[in-house]
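> how would this look folded up:
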Amino acid sequence: MARPGPDATAAAAQIGAESERPVRVVVTGAAGYVGSRLVPELLRRGHTVVATRTGADPPAVSWAERVEWRRMDVLNLRETVLALAGVDAVVYLIHGLGDADFRHTDREAPRTSAMPSTTRVSDASSTSPA
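Predicted structure coming up:
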């Protein structure tokens, strides 16, 4: 299993800090480079993690059985609303580098994800490696 780096540990420490209680947090891009390090740290700190995926099956990560997986196409408003239902926080780690017009995708996707039902949105996509 990948060990969390200082950034993942610091990010996990901020989740739920205001309330000092475990929270239900959705992590978009959970199986990516940053997400795969952040999710185990969130779980270690007692948070409930909802991880999003685009494919039919959850990715093969060591913690896959410890999270709730929800299917979400970040550009599909209906799927996004369903994926974000009932969470306290959102960690947004998606980037559209695989798309022909990734700049458009990277501008539109966070707008769809910033739903009023969440209390905090962390956008780490600008700090993830290219």
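
> can you classify Leu43 as helix, strand or coil?
Look at Leu43: counting by DSSP: H, G, I helix; E, B strand; the rest coil, its state is helix.

> any idea how far Val87 is from it?
Distance of Leu43 to Val87, given as C-beta to C-beta, to the nearest Å: 15 Å. Glycine gets a C-beta too; all of them are placed from N, C-alpha and C.

> the two: which is more packed in?
Val87 (22 against 15; other C-beta atoms under 10 Å).

> and the gap between that one and Gly29?
If you measure Val87 against Gly29 using C-beta to C-beta, the figure is 15 Å.

> what does Arg53 give?
Going from Arg53 to Gly29 by C-beta to C-beta gives 10 Å.

> try Gly35
5 Å.

> pass me the low-pLDDT residue ranges in this protein, would you?
Counting by pLDDT under 70, the chain contains low-confidence ranges at 1-20, 95-130.

> helices of that one, start to end?
6-14, 35-44, 77-84, 102-113 (DSSP state H).

> neighbour-wise, which of Arg53 and Gly29 wins?
Neighbour count, other C-beta under 10 Å: between Arg53 and Gly29, Gly29 has more, with 23 against 18.

> excluding chain neighbours, what is closest to that one?
Residue nearest to Gly29 in three dimensions, not counting chain neighbours: Leu93, with 3.3 Å by C-beta to C-beta, 6 or more residues apart in numbering.
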